[in-house]
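Undergrad: Just to be clear, the model below is a prediction. Sequence and coordinates:
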2 protein chains.
Amino acid sequence: MTPTQPIVSDAKRAARIGMDIGGSKIAAVSLDEDARIEAEATLPVAMGAAGVLDTAAGLVAELAERTGRAPSDFASLGVGVPGQVQRPRGTVRHAYNLEIEEMELGELLSARTGIPVSVDNDVTAASIGAAHLMGLDGTIAYLNLGTGLAAGIIIDGRARRGANGVAGEIGHLPIDPLGRPCNCGQVGCLETVAGGMALRNHWPAGGADPGRRLLRAVEAGDDDARRAFDLLVSGTARAIRVLGLTIDPDTVVIGGGLRLLGAPLIDGIRRTLETWEAETSFFAQLGMSRRLHVLPEGSPAAAVGAALASRA
Amino acid sequence: MTPTQPIVSDAKRAARIGMDIGGSKIAAVSLDEDARIEAEATLPVAMGAAGVLDTAAGLVAELAERTGRAPSDFASLGVGVPGQVQRPRGTVRHAYNLEIEEMELGELLSARTGIPVSVDNDVTAASIGAAHLMGLDGTIAYLNLGTGLAAGIIIDGRARRGANGVAGEIGHLPIDPLGRPCNCGQVGCLETVAGGMALRNHWPAGGADPGRRLLRAVEAGDDDARRAFDLLVSGTARAIRVLGLTIDPDTVVIGGGLRLLGAPLIDGIRRTLETWEAETSFFAQLGMSRRLHVLPEGSPAAAVGAALASRA
């Protein structure tokens, strides 16, 4: 059977903590009994298994202090991490940006904090949090434009992780046999044209964090920047087309760091979808260009989603 | 909200009829109170709206006679048709192989037979029937290799039609910008390389029904036949990869007329998937090559699924 989980845990109403473990920081939230954010805290993450545990434990203490609760008052702690997660045990593998090869994150963090811990993929967690915070229901494809490209899929209000936890990993769909090699071992994956890593590869002049500089360079007439931006736009539109023709979602939410490219990115994606809609009535039916939403800046979607998906 | 439907209707246990309306015949089944096939009947379909109604009404009479029931003993009648279906009313559009531009099939057939009628897309109906007849649960992608190429998607036991009834229409995913024009208005869709229509286009020497001749021609060393067969194999494997990376199903079932190419087709698809699995551990995780099943020959999956999805 495919593992599924309701957006809001069916555990009894209780305060919960959620954390989004990224490569540079851990963002944490505390949700009250009605699933409203009551406190937020962020700490730079220390590397390795011990570093992650220390940072997470520090955040539990901080949230407890800010909310006036004892750590034992939190019914559960949900954690979103990049990379492969084995549920329900919470084994994390190949989280290289945290310098972790393999870690029993769920077990160790639960032993450390005394709170039952659930671990989820960060994109899945963000899709659950985005649906909750943006008040979306039905079927949602949350497309994360981060370092890579992946989607979290919610069907009729439930996160769907698939038989192997690989549902939504469309970044590794090969689209160009003449394209660049992908980290995954294939060639020309969607992720090699759309996402932060692709942007760095296609526009090396932008440095390690090209997102912020990209729009200025495009405006200044930098042809390489323009090409990298166009690839990002068309690759993201292609990813949305894949999601449309497989799950036909009510809503597509664009999330991830690159969404902060804002209107130029989103308008470009929408125009690409509109062009395809004009070309074929088949694609027009899907109305994808009208189903696009963007996760608001500063939204702690992954932390909130991890909390919502956590179970006591 | 996305329309959904349980595999077995939650209507009270009752006998039901299901029909699979194809371009040349209508196949019908009667299911008993325990959803077991109690009778089957098939008639050549007469063209146009009146022809379809006459044929369907004739089949209801025949099934009633064979089962010793009055038509009014059947709680519901489910119909699977190719093309776009507007649920729940059962408006059918663009069913050109039946010479129907638009027809209120649900309403008219219900008025004609006195039985509540539900209309569904035939591929969705076949996915529901295949899951039932093959005893599959969890998440299933039913890949129909018919004239075109489309998938029926069942997630955790429920057929998912998507927000616009377009879920699973991966045949219209463009994969080759240098490919052939597709009927849908796009270029190089999956359906232009995999499916019966593609086979006719790539191997015109095979005539109108090339499937039966194809394997003999390949064995006889016909290079054009070999190329068309290889395209069918690789295109189908690509379709399975798309389904794997979006919904990550427990099982992929190959259905549709071309499945009757049998072991050479299925082994070819499995070998292609195994090659990809050897190339990338990422794809290997999905284990798609081990999740392949084939709908048995002669299985009335679409008729059974239409009956199961019908509601009183």
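TA: Ah, there it is.

Undergrad: Which parts of chain A are helices?
TA: In chain A, the helices defined using DSSP state H lie at A:48-67, A:105-113, A:122-134, A:196-202, A:211-219, A:223-247, A:263-279, A:281-286, A:301-309.

Undergrad: winner for burial among these?
TA: Ranked by mean neighbour count, those are led by helix A:301-309 with a mean of 32 (mean count of other Cβ atoms under 10 Å in any protein chain shown). C-beta: built from backbone N, CA, C; applies to glycine.

Undergrad: Quick one: distance of that one to the chain centre.
TA: Averaging C-alpha positions (Cα atoms, centre = their mean, to the nearest Å) puts helix A:301-309 11 Å from its chain's average.

Undergrad: I figured residue A:259 hits residue A:294, correct?
TA: Yes - counting by Cβ atoms under 8 Å, residue A:259 touches residue A:294, with 5.5 Å between them.

Undergrad: Between those two, point out the one with more neighbours.
TA: For residue A:259 and residue A:294, the more surrounded residue by other Cβ atoms under 10 Å in any protein chain shown is residue A:259, and the numbers stand at 22 against 19.

Undergrad: can you pull the contacts of that one?
TA: Shown in contact with residue A:259 (Cβ atoms under 8 Å, 6 or more residues apart in numbering or on different chains): A:145, A:265, A:266, A:294, A:295.

Undergrad: Mind doing that once more with 6 Å?
TA: Neighbouring residues of residue A:259 by Cβ atoms under 6 Å, 6 or more residues apart in numbering or on different chains: A:145, A:294.

Undergrad: Check residue A:285 too.
TA: Neighbour list for residue A:285: residue B:164 [criterion: Cβ under 6 Å, 6+ apart].

Undergrad: mind redoing it with 10 Å?
TA: Going by Cβ atoms under 10 Å, 6 or more residues apart in numbering or on different chains, residue A:285 touches A:244, A:248, A:277, B:84, B:164, B:165, B:166, B:169.

Undergrad: can you count the residues close to the fourth one?
TA: Applying the criterion other Cβ under 10 Å, we find 18 residues in the vicinity of residue B:84.

Undergrad: Can you tell me which residues in the stretch 201-312 of chain A are near chain B?
TA: Residues of the stretch 201-312 of chain A that fall close to chain B, judged by Cβ under 10 Å from any Cβ of the partner chain: A:238, A:241-251, A:276, A:278-288, A:291.

Undergrad: again, only this time at 7 Å
TA: Selection of the stretch 201-312 of chain A residues close to chain B by Cβ under 7 Å from any Cβ of the partner chain yields A:241-243, A:245-250, A:279-282, A:285-287.

Undergrad: Quick check: which ranges of chain A have low pLDDT?
TA: By pLDDT under 70, the weakly predicted segments of chain A are A:1-12.

Undergrad: Pull the contacting residues for the residue most central in space within it.
TA: Nearest to the mean C-alpha position of chain A, by Cα atoms, centre = their mean, lies residue A:123 at 2.8 Å. By Cβ atoms under 7 Å, 6 or more residues apart in numbering or on different chains, the contact list for residue A:123 reads A:142, A:144, A:150, A:152, A:168.

Undergrad: tell me which of the residues of the stretch 201-312 of chain A next to chain B is nearest to residue A:190?
TA: The shortest approach to residue A:190 among those belongs to residue A:242, at 7.8 Å (Cβ to Cβ).

Undergrad: Contact partners for that closest one?
TA: Per Cβ under 7 Å, 6+ apart, neighbours of residue A:242: A:170, A:173, B:173, B:242, B:246.

Undergrad: now those in JSON lines, with distance to residue A:137?
TA: Conversion of those to JSON lines gives the following (distance: Cβ to Cβ, whole Å):
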{"residue": "A:170", "distance to residue A:137": "23"}
{"residue": "A:173", "distance to residue A:137": "27"}
{"residue": "B:173", "distance to residue A:137": "27"}
{"residue": "B:242", "distance to residue A:137": "26"}
{"residue": "B:246", "distance to residue A:137": "20"}
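
Undergrad: Closest one to residue A:57 out of the residues you listed, please.
TA: Nearest to residue A:57 out of these is residue A:170 (Cβ to Cβ; 35.1 Å).

Undergrad: Let me know how buried the residue nearest to residue A:47 when sequence neighbours are not counted is, in neighbour terms.
TA: Spatial nearest neighbour of residue A:47, chain neighbours left out: residue A:99 (4.4 Å); criterion: Cβ to Cβ, 6 or more residues apart in numbering or on different chains. Residue A:99 has 13 neighbours, counted by other Cβ under 10 Å.

Undergrad: what does residue A:14 give?
TA: Residue A:14, neighbours per other Cβ under 10 Å, totals 14.

Undergrad: do you know how far the nearest residue to it once chain neighbours are set aside is from residue A:302?
TA: Counting by Cβ to Cβ, 6+ apart, the nearest residue to residue A:14 once its immediate chain neighbours are dropped is residue A:75, at 3.4 Å. Going from residue A:75 to residue A:302 by Cβ to Cβ, to the nearest Å gives 19 Å.

Undergrad: So residue A:192 is in contact with residue A:177, correct?
TA: No - applying Cβ atoms under 7 Å as the test, residue A:192 and residue A:177 come out as separate, 11.8 Å apart.

Undergrad: Looking at these two, which is more packed in?
TA: Using other Cβ under 10 Å as the criterion, residue A:192 and residue A:177 rank with residue A:192 on top: 28 against 9.

Undergrad: Distance check, that one against chain B.
TA: From residue A:192 across to chain B, the span is 13 Å (Cβ to the nearest Cβ, to the nearest Å).

Undergrad: which one of the residues of the stretch 201-312 of chain A next to chain B is nearest residue A:186?
TA: For these, the nearest to residue A:186 is residue A:242 (15.3 Å; Cβ to Cβ).

Undergrad: so what's the backbone phi/psi at the residue of the stretch 201-312 of chain A at minimum distance from chain B?
TA: At 2.3 Å from chain B, residue A:248 is the closest residue in the stretch 201-312 of chain A, using Cβ to the nearest Cβ. Phi and psi for residue A:248, reported as degrees, to the nearest 10, are phi 50, psi 60.

Undergrad: do the same with residue A:161
TA: Torsion angles, degrees, to the nearest 10, at residue A:161: phi -100, psi -10.

Undergrad: Confirm for me that it is in contact with residue A:120.
TA: No - between residue A:161 and residue A:120 there is no contact under Cβ under 7 Å: 8.1 Å.

Undergrad: Looking at the two, which one has more neighbours?
TA: residue A:120 (30 against 22).

Undergrad: Distance check, that one against residue B:282.
TA: 19 Å.

Undergrad: Then residue A:294?
TA: Counting by Cβ to Cβ - residue A:294 and residue B:282 are separated by 28 Å.

Undergrad: wouldn't the residue nearest to residue A:47 be in contact with residue A:50 here?
TA: No - using Cβ under 7 Å, residue A:99 makes no contact with residue A:50, being 10.3 Å away.

Undergrad: quick one: the strands in the stretch 1-150 of chain A?
TA: All strands of the stretch 1-150 of chain A, identified by DSSP state E, counting those that start in this stretch, fall at A:4-6, A:16-21, A:25-31, A:37-44, A:76-81, A:84-86, A:91-95, A:100-104, A:117-121, A:140-145, A:149-155.

Undergrad: can you tell which of the helices of chain A is closest to residue B:23?
TA: The closest of the helices of chain A to residue B:23 is helix A:281-286. By Cβ to Cβ, the value is 19.7 Å.
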